[in-house]
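>>> Quick one, what's the 3D model for this:
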Amino acid sequence: MKNNKLFIAIIIALLLGVALGGYVHYNSSPEFIKSFSTNIKLLGTIFIRLIQMIIAPLVFSTLVVGIAKMGDMKMVGRVGGRAMGWFITASLTSLVIGAIVVNLMQPGDGLTIEMDASNAQDLLNAQSSLTLEHFVTHMIPKSVFESFATNEILQIVVFSIFFGIALAAYGKEGEMVTKALDKVSHVVLIMVGYIMWTAPLGVLGAIAAAIATYGFGIFILYLKYIIAFAIGIILLWVVLCLVGYFILGRRLFDLLRHIKEPLLIAFSTTSSEAVFPKLVEELEKFGAQKKIITFTLPLGYSFNLDGSMMYMTFASLFIAQVYGIHMPIEKQILMLLVLMLTSKGVAGVPRASLIVVVATCSMFGIPPEGIALILPIDHFCDMARSMTNVLGNALSTVAVDKWEGHVAIEQTFTDEES
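Numbers count the residues shown, from 1 in each chain. From the prediction side, this is the model:
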């Protein structure tokens, strides 16, 4: 219900922004248009600043808790290794599909946003300094407090990995810290929900400023964006289902029948986390072992969000295209490697992947305020990527169960009564 209200609020803000921006564009002087766009964009700036405010605590708390819980892999090391093998392979595949689609279709071309001289110089400095040596030295924090203060996402990830591993090695004595950080992560996620209620203001400011400046031609950009993203998601589904069929055979269709309700819930609520209890129930009905489900599925929600992974490269490179920023192939590969790490701090909640996109854009000299351009249509993209996250986690869980030689997963497919 809350997501529906937020969706309605975003649609209303979108319509108001279209009407207001259109009126200003076609009925005002160039001087007024420039002043109007500058001032109305402050609404979007408020939203972006609020998002940036929670990047550090969200990544640290969720990533540390996820890694600390991996201590269970010592009891089922073989299962953990297979699960992580799937997660890494699926993540890379998703990231690469997003990069290929956005490079081939170029949905961000055709609308170049001019930046002032100071911003342009900052971008040139950032790009010239982004070498492999700079990347290696920059990823190790001198001070974790400095990293948190400056929102250096990669340095926070590195510290979180070390902290999480050490916390897992601490054993039962460290469980209290893990539980505390788990509660912190839930509090921060509640904050995400609060902040998302400022999204309509960001949408209003972004769309009104964009249309006031560029006219209604910007909707061509949105159409190209939606079409390209849909093609990317379809390709990812094809790849996942082909791999699933190779592992499960005809039982893949049985699995899809079992998880059809979680898929629809994720699609309508834009939250893959909202269907977690129902997904556990359906995977048990499918025949997967409970011990495999309760071990692999929670890890998947931290390490295996395929739809979100694909979206991160797609959205980041799209924003670069809109701003006319050239991203050579070596820099795109570097971005994929960074996203492989930073995305592991993303929770399966509505629009949380936007946080990583903002942080990644900042790292690679892409203006993070560009995220406001895609806010009006992000809800539709979130519906597709949330459903894809559920499919990916269901497949990873039953695949690991099959690899463990579980009879129920290996049995011949039989049709069941609806």
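>>> Let's test this: what are the backbone torsions at A288?
Backbone torsions of A288, given as degrees, to the nearest 10, read phi -70, psi 150.
>>> Quick check: the gap between it and A394.
A288 sits at a distance of 9 Å from A394 (criterion: Cβ to Cβ, to the nearest Å). For every residue, glycine as well, the C-beta is placed using N, CA and C.
>>> same thing with L299?
Using Cβ to Cβ, one obtains 13 Å as the distance from L299 to A394.
>>> Can you report how many residues neighbour I333?
Here the number of neighbours of I333 (other Cβ atoms under 10 Å) works out to 12.
>>> Low-confidence bits of the stretch 1-150 of the chain, can you list those?
With pLDDT under 70 as the threshold, the stretch 1-150 of the chain has low-confidence stretches at 1-4, 69-77, 110-138.
>>> For T62, grab the count of nearby residues.
25.
>>> That one is in what secondary structure piece?
helix 55-68 (DSSP states H and E).
>>> Keeping just the C-alphas, turn that helix into CSV.
Coordinates of each C-alpha in helix 55-68 appear next as CSV, following Å, rounded to 0.1, in the frame of the first residue of the first chain:
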residue,chain,number,x,y,z
ILE,A,55,25.3,5.6,1.6
ALA,A,56,28.1,4.9,4.1
PRO,A,57,26.0,3.5,7.0
LEU,A,58,23.9,1.4,4.6
VAL,A,59,26.8,-0.2,2.8
PHE,A,60,28.8,-0.8,6.0
SER,A,61,26.0,-2.4,8.1
THR,A,62,24.5,-4.6,5.4
LEU,A,63,27.8,-5.8,4.0
VAL,A,64,29.4,-6.6,7.4
VAL,A,65,26.3,-8.5,8.5
GLY,A,66,26.2,-10.4,5.2
ILE,A,67,29.9,-11.4,5.4
ALA,A,68,29.7,-12.2,9.2
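>>> Go ahead and flag the most central residue of the protein.
The residue at the geometric middle of the chain, judged as the C-alpha nearest the mean C-alpha position with Cα atoms, centre = their mean, is S353 (2.6 Å).
>>> In this structure that one contacts R385, no?
Yes - with contact defined as Cβ atoms under 8 Å, S353 reaches R385; the gap is 7.2 Å.
>>> Could you name every residue contacting both of these two?
Shared contacts of S353 and R385 (Cβ atoms under 8 Å, 6 or more residues apart in numbering): S308, Y311.
>>> F286 - nearest residue in space that isn't next to it in sequence?
With Cβ to Cβ, 6 or more residues apart in numbering as the measure, H258 is the residue that lies nearest to F286, at 4.7 Å, once sequence neighbours are left out.
>>> looking at it, the one you found is touching K285, isn't it?
Yes - here H258 reaches K285: they are 6.0 Å apart, a contact under Cβ under 8 Å.
>>> Looking at those two, which is more packed in?
The residue with more neighbours, out of H258 and K285 and counting by other Cβ under 10 Å, is H258; that gives 21 against 11.
>>> sorry, back to before: kindly state the pLDDT recorded for the residue nearest to F286?
You'll see H258 listed with a pLDDT of 88.
>>> give the contact list for it.
If you count contacts by Cβ under 8 Å, 6+ apart, H258 has them with E282, L283, K285, F286.
>>> now do 10 Å
Contacts for H258 were tallied using Cβ atoms under 10 Å, 6 or more residues apart in numbering; they are L279, E281, E282, L283, E284, K285, F286, G287, A288, A394, V398, E416.
>>> Just the element for the closest residue to the residue nearest to the centre of the chain other than its chain neighbours, please.
For S353, ignoring the flanking residues on the chain, the nearest one in space by Cβ to Cβ, 6+ apart is S308 at 4.2 Å. Assigning secondary structure by DSSP H and E places S308 in helix 306-322.
>>> Please identify the buried residues of that helix?
Applying a neighbour-count criterion of 16 or more other Cβ atoms under 10 Å, one finds 306-322 buried in helix 306-322.
>>> same check, this time on stretch 248-264
For stretch 248-264, the buried set under the neighbour-count rule, 16+ other Cβ under 10 Å, comprises L248, R251, L252, D254, L255, H258, I259, P262, L263.
>>> what's the closest of those residues to V18?
If you rank the buried residues of stretch 248-264 by distance to V18 using Cβ to Cβ, L263 comes first, at 31.9 Å.
>>> so how far is the helix or strand where the closest one lies off the chain centroid?
When secondary structure is defined by DSSP H and E, L263 falls within helix 260-269. Relative to its chain's centre, helix 260-269 lies at 18 Å (Cα atoms, centre = their mean, to the nearest Å).
>>> and the angle for the next helix or strand after that helix with helix 260-269?
Sequence-wise, the next helix or strand beyond helix 260-269 is helix 276-286, with elements assigned using DSSP H and E. Taking axes from the mean of the first three to the mean of the last three Cα atoms, to 10 degrees, one finds that helix 276-286 is oriented at 160 degrees with respect to helix 260-269.
>>> ranges for the strands of the protein?
Taking DSSP state E as the criterion, the chain carries no strands.
>>> Is there a neighbour count for the nearest residue to V101 once chain neighbours are set aside? I'd like the number.
Residue nearest to V101 in three dimensions, not counting chain neighbours: G232, with 4.0 Å by Cβ to Cβ, 6+ apart. Residues near G232, counting by other Cβ under 10 Å, number 28.
>>> Please tell me how far G232 sits from P328.
In this view, G232 and P328 are 21 Å apart by Cβ to Cβ.
>>> quick one on the thing from earlier: test my guess that the residue nearest to S353 contacts M387.
No - proximity of S308 to M387 does not meet the contact threshold set by Cβ atoms under 10 Å, at 11.3 Å.
>>> with the contacts of H258 in mind, which one is nearest to V96?
The closest of the contacts of H258, once distances to V96 are taken by Cβ to Cβ, is A394, at 21.7 Å.
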